[in-house]
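Asker: What follows is a predicted structure for the sequence shown.
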Amino acid sequence: MTQKKSHETPRPEINESQNEKLRSDITKLGFDSMHALGSDPNSDHAEKSWAVIGLSNEEAIYLGKKYGQVAVFLITESQQSVLGCFSDWEVSRRF
């Protein structure tokens, strides 16, 4: 049996199922979610996800880990950041 590498994207039906479970978790935490598309400006990779207002960094990273995400986005009025879920790193840019 071949071990799946952590950076490989799951099949679309699995990704969609996990995305709906993530939305359910967000709702259980008492937050509303909006459709979002996370993308990497250095590649053609993009994933459907959820934008949530008010979720703390810790909650976002916890959910990212739970669903096997490498990172989560944090967007404020003046800055966009990408926070690592499984190691302590952050990349930011100002608007």
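Answerer: Alright, I've got the coordinates.
Asker: Pull out the buried residues from the lengthiest helix in the chain.
Answerer: If you go by DSSP state H, the chain has its longest helix at helix 12-28. Residues of helix 12-28 classed as buried by neighbour count (16 or more other C-beta atoms under 10 Å): 22, 25-26. All C-beta atoms are positioned from the backbone trio N, CA, C, and that covers glycine.
Asker: could I have it exported to CSV, CA atoms only?
Answerer: Taking Å, rounded to 0.1, in the frame of the first residue of the first chain, the C-alpha atoms of helix 12-28 are listed here in CSV:
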residue,chain,number,x,y,z
PRO,A,12,-12.9,15.8,-6.2
GLU,A,13,-15.7,13.8,-4.5
ILE,A,14,-13.7,13.3,-1.3
ASN,A,15,-12.6,17.0,-1.3
GLU,A,16,-16.3,18.1,-1.7
SER,A,17,-17.4,15.8,1.1
GLN,A,18,-14.7,17.1,3.4
ASN,A,19,-15.5,20.6,2.5
GLU,A,20,-19.2,20.1,3.6
LYS,A,21,-18.0,18.6,6.9
LEU,A,22,-15.8,21.6,7.4
ARG,A,23,-18.8,23.9,6.8
SER,A,24,-20.8,21.9,9.3
ASP,A,25,-18.1,22.3,11.9
ILE,A,26,-18.0,26.1,11.2
THR,A,27,-21.7,26.3,11.7
LYS,A,28,-21.5,24.3,15.0
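Asker: what's the average pLDDT for that helix?
Answerer: Helix 12-28 carries an average pLDDT of 95.
Asker: So for the helix or strand following it, what gets flagged as buried?
Answerer: Sequence order places strand 33-39 as the next helix or strand after helix 12-28, per DSSP states H and E. For strand 33-39, a neighbour-count test (16+ other C-beta under 10 Å) marks 33, 38 as buried.
Asker: tell me which strands and helices strand 33-39 is in contact with?
Answerer: In this structure, strand 33-39 packs against helix 12-28, strand 46-52, with contacts taken as 3 or more C-beta pairs under 8 Å, 6 or more residues apart in numbering; DSSP states H and E.
Asker: Cheers, nothing more for now.
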